[in-house]
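>>> Any chance you could fold what I've pasted below:
(one chain, ligands or ions: 3)
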Amino acid sequence: MDRPARPLLVSELRVRNTAYDVSLSRSLFTWKRRAPSPVYHPFRPSVCHSVPVSEIISVREEEQDSHRPNDDDDGSWKKIREGEGKDCRQAFTVSYVERCRQHRWRCAEVTFTCPDRSLCQNWVSSVREQLATFTSRPKCLLVYINPHGGKRQGKRIYQQKVAPLFAQASIITHVIVTEHANHARDHLRTCTELKLVDGVVCVGGDGMFSEIVHGLVWRTQLDGGIDLNCPDEELSPCSLRIGIIPAGSTDCICFATVGTNDPVTSALHIIVGDSQPMDVCSVHHNNTFLRYSISLLGYGFYGDVLTDSERKRWMGPARYELSGLKMFLTHHYYEGTVSYLPAKGIVGTPRDAARCRTNCVVCQHNGQKMSERAMKYEPDETSECEDDGEWRTIRGKFLAINAASMSCACPRSPKGLSPAAHLADGTTDLILVRKCSRFSFLRHLLRHTNKDDQFDLNFVEVHRVVRFRFAPRHCQSDSDLELDLPESSKRQIFSQICRDHPACGCAPAYSSWNCDGEILTHTAIDVRVHCRLIKLFARGIEEAQMFEELGNPCSV
Ligand SMILES: CCCCCCCCCCCCC/C=C/[C@@H](O)[C@H](CO)NC(=O)CCCCCCCCCCCCCCC
Ligand SMILES: Nc1ncnc2c1ncn2[C@@H]1O[C@H](COP(=O)(O)OP(=O)(O)OP(=O)(O)O)[C@@H](O)[C@H]1O
Ligand SMILES: [Ca+2]
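Ligands and ions are numbered 1, 2, ... in the order given. The predicted model follows:
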């Protein structure tokens, strides 16, 4: 066991009316009641509290008026001071992270009264000195607020819940309320102050986060002279971390990296300077860059839900349930060919019971493997024929083709689309849901919301991959693009499809790709995972055990 760190400062101080031994080391701030009360008191606070110094938000000196003693103070020090002819005593307040239920963090405070001013100042400066050693804490942030995301509460959430915490932690902010879609992305591309900030924060949903990623990744590649249109290019990782204050409709990036979609929790993770690397997929069509994806790339069901829901944006987050129900009843399937490169030499599978959590060993192991491989990466020219080279090919009729680069956990599905997916392992989980009955598909969907395995169904398969391609039927050569087809060809395709759908006679041949909540303009795509391309102000979801140990500061 590690020996406890040597205390830098130890004093007897008072919290309300009670004497505590207070100590500060490089890693822990502890306050322990001196003599436990002889009388059992069920509501009396526990004897010893301990907070990692890394989770202290701030420390401030309080001026207390000795003529107005605290309600519960016995006033003994006041008498001493008055006897000495001085009229004030000193106190300081420490604000720190307190863990609550369901991965939520709160800012708690405790005030210590000192016998004299110089001791108080010594405590304040010692705690501040220790906080200054955490160089990963941001001092200056660029904040973009989408006032129209989710329930349109972005501005209020930031002003009421987040800005006061940033101020308390002495973080300087430059705040921009966006005026149109892609405002944040385009601002990041040209912004000259980027070198002066320690991170970028977005207040909004997954779409807003995606804007920030596009701006930062684009800027980083441009600085590195990298050709974005070439899918085989090794991308340079972005150095600036991104913070997400959730104010969207799905908030799956925030939920899956922090464990909750709570603005205060996110703000505290930013303040303490957490860092979580994340995989990013690049999406190309025919050697032309389309978009990046961090959470879900979904064709079929999730593409159709998104397309339909965009027309219902005025409904807010409820649009997804309505469009989901509609698309479930519509029950369209789509034909095409999926080719993929399975991830090799990695640990973990999409069917694991283990989950990606803080300091995930799977991410560490696989991330290391991927970066070693990237050093000697050679573009793979193997053909796409079945069983040829490492590529595998599957043709079929699919209700949904989903690539989840992370679990995609969100309030609608707390375990997510691929519960065992990892945030930073350099892979994406390719989930193929073949044509099946409505009842079977409903069973699959329902399993996203309960403990049953959504992959344990004979029409569902899942593969952990590093790259994949999709070509819809009738569009299987790289140069084809269904949207560019002449009307006569389109009619031909549709009549073909209608023969396959005698019941409806009008099923569309193509769905769209839902790329993190944005619709892609092409259906034939080439997707490649870039391991740890970006970093978030997060630490992954903490184990429940962590909450038991640190959630209750009295347990040490
Ligand atoms: C019977 C209940 C089944 C519930 C099944 C819930 C599965 C939910 C899985 C959610 C996965 C979200 C992945 C994240 C995607 C984000 O990058 C993106 C941008 O924010 N969000 C969406 O595309 C938004 C996608 C939102 C999808 C909502 C789908 C709702 C399906 C409702 C089906 C109702 C069937 C009822 C039959 C009686
Ligand atoms: N000022 C603005 N006016 C209109 N649209 C904006 C503005 N700022 C950003 N946007 C766009 O709004 C879209 C949706 O925003 P956001 O992701 O914040 O909310 P959401 O779609 O409700 O949530 P989620 O993405 O979590 O489902 C984004 O694609 C973003 O580009
Ligand atoms: Ca991943």
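
>>> Whatever residue of the chain ends up closest to ligand 3: what's it in contact with?
Of the chain, the residue with the smallest distance to ligand 3, taken as CB to the ion, is Asp279 at 4.1 Å. Any C-beta I mention is one placed from the backbone N, CA and C, and that applies to glycine too. Asp279 sits next to 294, 405-406, 422-428, 529-533 when contact means CB atoms under 8 Å, 6 or more residues apart in numbering.

>>> How about Ala256?
Counted by CB under 8 Å, 6+ apart, Ala256 has contacts 295, 406-410, 416, 423, 541.

>>> Which of those residues sits closest to ligand 2?
Proximity of these to ligand 2 (CB to the nearest ligand atom) peaks at Cys410, which lies at 8.1 Å.

>>> May I have the beta-bridge partners of that closest one?
Ser413 (DSSP bridges).

>>> That one touches Ser249, doesn't it?
No - because the distance of 9.4 Å does not satisfy CB atoms under 8 Å, Cys410 is recorded as not touching Ser249.

>>> What's the local residue count around Ser27?
By the measure other CB atoms under 10 Å, the count of residues near Ser27 is 13.

>>> Look at the residue lying closest to it once chain neighbours are set aside and give its secondary structure.
Spatial nearest neighbour of Ser27, chain neighbours left out: Ala5 (5.0 Å); criterion: CB to CB, 6 or more residues apart in numbering. Taking DSSP: H, G, I helix; E, B strand; the rest coil as the rule, one finds Ala5 in the coil state.

>>> ok, and for stretch 343-350, which residues are buried?
Judged by neighbour count (16 or more other CB atoms under 10 Å), stretch 343-350 contains these buried residues: 343, 346, 348, 350.

>>> Can you measure across that stretch, start residue to end residue?
End-to-end distance of stretch 343-350 (CA to CA, to the nearest Å): 11 Å.

>>> And that stretch, how far out from the chain middle?
How far stretch 343-350 lies from its chain's middle: 22 Å, per CA atoms, centre = their mean, to the nearest Å.

>>> Over to stretch 452-461?
Distance, stretch centre to chain centre, for stretch 452-461: 26 Å (CA atoms, centre = their mean).

>>> how about the CA coordinates for the longest helix along the chain, as CSV?
Secondary structure of the chain per DSSP state H: the longest helix is helix 206-223. Extracted as CSV, the C-alpha positions of helix 206-223 are listed here (Å, rounded to 0.1, in the frame of the first residue of the first chain):
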residue,chain,number,x,y,z
ASP,A,206,-23.9,16.3,-30.3
GLY,A,207,-24.4,18.5,-33.4
MET,A,208,-22.7,21.5,-31.7
PHE,A,209,-19.9,19.3,-30.5
SER,A,210,-19.5,18.0,-34.0
GLU,A,211,-19.1,21.5,-35.2
ILE,A,212,-16.2,22.1,-32.8
VAL,A,213,-14.5,18.8,-33.8
HIS,A,214,-14.8,19.8,-37.5
GLY,A,215,-13.3,23.2,-36.8
LEU,A,216,-10.4,22.0,-34.7
VAL,A,217,-9.5,18.9,-36.7
TRP,A,218,-9.6,20.9,-39.9
ARG,A,219,-7.4,23.6,-38.4
THR,A,220,-4.9,21.1,-37.1
GLN,A,221,-4.6,19.2,-40.4
LEU,A,222,-4.3,22.4,-42.3
ASP,A,223,-1.4,23.5,-40.0
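
>>> Done for today, thanks.
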